[in-house]
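Q: Generate coordinates for the sequence data below:
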Amino acid sequence: MLNEFSLHKEIAIYMDIIYYLASCDTCRKIIKSLPKDHDFKFHDIKQDPITVAELEKMRELSGSYEALFSKKAVLYKSMDLKNKSLTEEDYKKYILEHYTFLSRPVFIIKDKIYIGNTQQNMLQVMKALA
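A: Modelled structure (predicted):
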């Protein structure tokens, strides 16, 4: 028998999520283009930093922390990380330390992950929502 807690837990597990940055023009443009009838949980990573559990779920779906890491981030260049050999633990640490290191947006739709704003990725997102 489902109690109130387990019902809420089930809803949280199956709800589609978009991790984004509200101040990012590209993220806002992508969000505007989404079907209006789809019920997303919107998670602004600056206002509400991602948790270790959320990041671990993303890694589980994507296969690595590196796949979630943005090498376009200004901090990546200013910290001269491109000239360092980063490990999976390094990628995890940096993503948890600062939201800018998460490649965005990140969609989790029906337990599949879509990372970044490339045209190919956005076509896959729209196909998953159809």
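
Q: alpha carbons only for contacts and neighbour counts from here, please
A: Will do.

Q: I would like the residues contacting the host helix or strand of Lys32, please.
A: Lys32 belongs to helix 25-33 when assigned by DSSP states H and E. Counting by Cα atoms under 8 Å, 6 or more residues apart in numbering, helix 25-33 makes contact with 20-22, 104-105, 117, all of which sit outside it.

Q: pull the CA atoms of stretch 39-51 into CSV?
A: Coordinates of each C-alpha in stretch 39-51 appear next as CSV, following Å, rounded to 0.1, in the frame of the first residue of the first chain:
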residue,chain,number,x,y,z
ASP,A,39,5.3,18.8,-17.2
PHE,A,40,9.0,19.4,-16.4
LYS,A,41,10.6,20.0,-13.0
PHE,A,42,12.8,23.1,-13.6
HIS,A,43,16.0,23.1,-11.5
ASP,A,44,18.0,26.3,-11.7
ILE,A,45,21.5,25.2,-10.7
LYS,A,46,22.6,28.6,-9.5
GLN,A,47,19.7,29.2,-7.1
ASP,A,48,19.5,25.5,-6.0
PRO,A,49,22.9,23.8,-6.4
ILE,A,50,22.8,20.2,-7.5
THR,A,51,23.3,17.6,-4.8
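
Q: Now Lys112: closest residue in space, sequence neighbours ignored.
A: Spatial nearest neighbour of Lys112, excluding adjacent residues (Cα to Cα, 6 or more residues apart in numbering): Leu61 at 6.4 Å.

Q: and that neighbour, how far is that from Met15?
A: 15 Å (Cα to Cα, to the nearest Å).

Q: Also Thr26?
A: In this view, Thr26 and Met15 are 23 Å apart by Cα to Cα.

Q: Helices of the protein, start to end?
A: When assigned using DSSP state H, the helices of the chain occupy the ranges 4-14, 25-33, 52-62, 74-78, 88-97, 119-129.
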